[in-house]
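Chemist: what's the 3D shape of this:
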Amino acid sequence: MTPPPVGHRITVEQGTTHVRVVREGRLLAESRRPLLLRETGLPVRYYLPPDDVRTELLTPSDTTTHCPFKGDASYWSVPGRADLVWSYSEPLPQVAAIKGHFCFYETEVVVGSE
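Modeler: Model prediction:
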């Protein structure tokens, strides 16, 4: 395994932030136990446990991507938005905690202390 470039860093920590994912008025996910993934040069990403995601609203996509720091990701879509959600079923060892968790982007994420 090739080490990350000098200065590139990824950390994963257990969070307690209340995260809600809403798309066009529909609640897709809600969690008070997200994993916070911090990666050099990118915004914090919230990886949500599968039990906190309404997976019945997601449709598997044929899209996959490879990240040299996290591994191979699979994607899911919702009506009107392709590839809105991704997950790593076999992440690299340094981010093993995110295995099977779901991450959303380009959607409304409400973070609060409710």
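
Chemist: every contact and neighbour count from this point should use C-alpha atoms.
Modeler: Noted.

Chemist: mind listing the strands for this protein?
Modeler: 10-14, 18-23, 26-31, 35-39, 45-48, 59-67, 71-78, 81-87, 102-104, 108-112 (DSSP state E).

Chemist: for the ones you listed, which one sits closest to Ala96?
Modeler: The stretch from the strands of the chain with the least distance to Ala96 (Cα to Cα) is strand 10-14; that distance is 9.0 Å.

Chemist: may I see the buried residues of that closest one?
Modeler: Of all the residues in strand 10-14, those buried under the rule 16 or more other Cα atoms under 10 Å are Val12.

Chemist: list the helices and strands it packs on?
Modeler: Applying 3 or more Cα pairs under 8 Å, 6 or more residues apart in numbering; DSSP states H and E, one finds that strand 10-14 contacts strand 35-39.

Chemist: quick one: strands adjacent to the strand it packs on?
Modeler: Pairing partners of strand 35-39, with direction, according to DSSP bridges: strand 10-14 (antiparallel), strand 45-48 (antiparallel).

Chemist: got the CA coordinates for that strand in CSV?
Modeler: Provided in CSV are the C-alpha atoms of strand 35-39 (Å, rounded to 0.1, in the frame of the first residue of the first chain):
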residue,chain,number,x,y,z
LEU,A,35,-18.7,9.3,11.7
LEU,A,36,-16.9,12.5,10.9
LEU,A,37,-14.3,12.0,8.2
ARG,A,38,-11.8,14.9,7.8
GLU,A,39,-9.6,14.8,4.8
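
Chemist: center of the protein, which residue is that?
Modeler: Cys103 (1.8 Å; Cα atoms, centre = their mean).
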